[in-house]
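# Model the following, please.
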Amino acid sequence: MPLMPKRVKYRKSQRGRVKGNACRGNTVSHGDFGLQVLEGGWLSAEAIEAGRVTAAQFTRGEGRLYIRVFPHKSVTAIPAETRMGKGKGEPEYWACVVKPGMILFEIGGLPESAAKECLARVAYKMPFRCRFIGRQAS
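Modelled structure (predicted):
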């Protein structure tokens, strides 16, 4: 089942604009390797779930997967061939606002080659260009 909030203050949100790069959530903090997004936009809850399932199938219980994003934004749509003026449409799906540089998924407890292969499969499911990065030595 796709992710969605338990409760929201307002059912319908405005579209907004994705401006600038991510200044938070742009470093690998939980796992050893991460999948960093290179473009901005909306990431649907279905895409997050597809990535989770792909990673779970690849790892088969080995290692640990961390999902660093959550879909807080409701995206509304009006049915096709509807006349103008009957108000804003109903919520169609939930999405996460993603800025360039954000870490979507992290993986720990796997060797680099396996983690790279796993996150490459996850990146194939994402609607943005992504890259594989490792934890920075601090």
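
# Now do the contacts for Gly20.
Under the criterion of C-beta atoms under 8 Å, 6 or more residues apart in numbering, the neighbours of Gly20 are Lys99. C-betas here are computed from N, CA, C, even on glycine.

# Tell me the confidence at it?
Note on Gly20: pLDDT of 96.

# how near is it to Gly40?
From Gly20 over to Gly40 the distance is 8 Å, taken as C-beta to C-beta, to the nearest Å.

# what do you get for Gly63?
Using C-beta to C-beta, Gly63 is found at 29 Å from Gly40.

# now Gly25
Gly25 sits at a distance of 13 Å from Gly40 (criterion: C-beta to C-beta).

# Give me the more crowded residue out of these two.
Legend: neighbour count by other C-beta atoms under 10 Å for Gly25 and Gly40, higher for Gly40 (18 against 14).

# ok so, going back, which neighbours do Gly20 and Gly40 share?
Counting by C-beta under 8 Å, 6+ apart, the residues touching both Gly20 and Gly40 are Lys99.

# buried ones in the lengthiest strand in the chain?
Counting by DSSP state E, the longest strand found in the chain is strand 90-98. For strand 90-98, the neighbour count (16 or more other C-beta atoms under 10 Å) marks 91, 93-98 as buried.

# and if you look at stretch 73-82?
Within stretch 73-82, the residues that count as buried by 16+ other C-beta under 10 Å are 73-76.

# Mind listing residues that contact it?
Residues outside stretch 73-82 that contact it (C-beta under 8 Å, 6+ apart) are 8, 11-13, 42, 44, 86, 88-97.

# quick one: Leu38 and Gly51, what's the gap?
16 Å.

# what do you get for Glu106?
From Glu106 to Gly51 the distance is 12 Å (C-beta to C-beta).

# and if you look at Phe105?
Phe105 is 6 Å from Gly51, where distance means C-beta to C-beta.

# tell me, what's touching those two both at once?
Residues touching both Phe105 and Gly51 by C-beta under 8 Å, 6+ apart: 67, 122.

# just the strands in the chain please.
Remark: strands assigned in the chain by DSSP E are 33-37, 41-44, 64-67, 73-77, 90-98, 103-108, 130-134.
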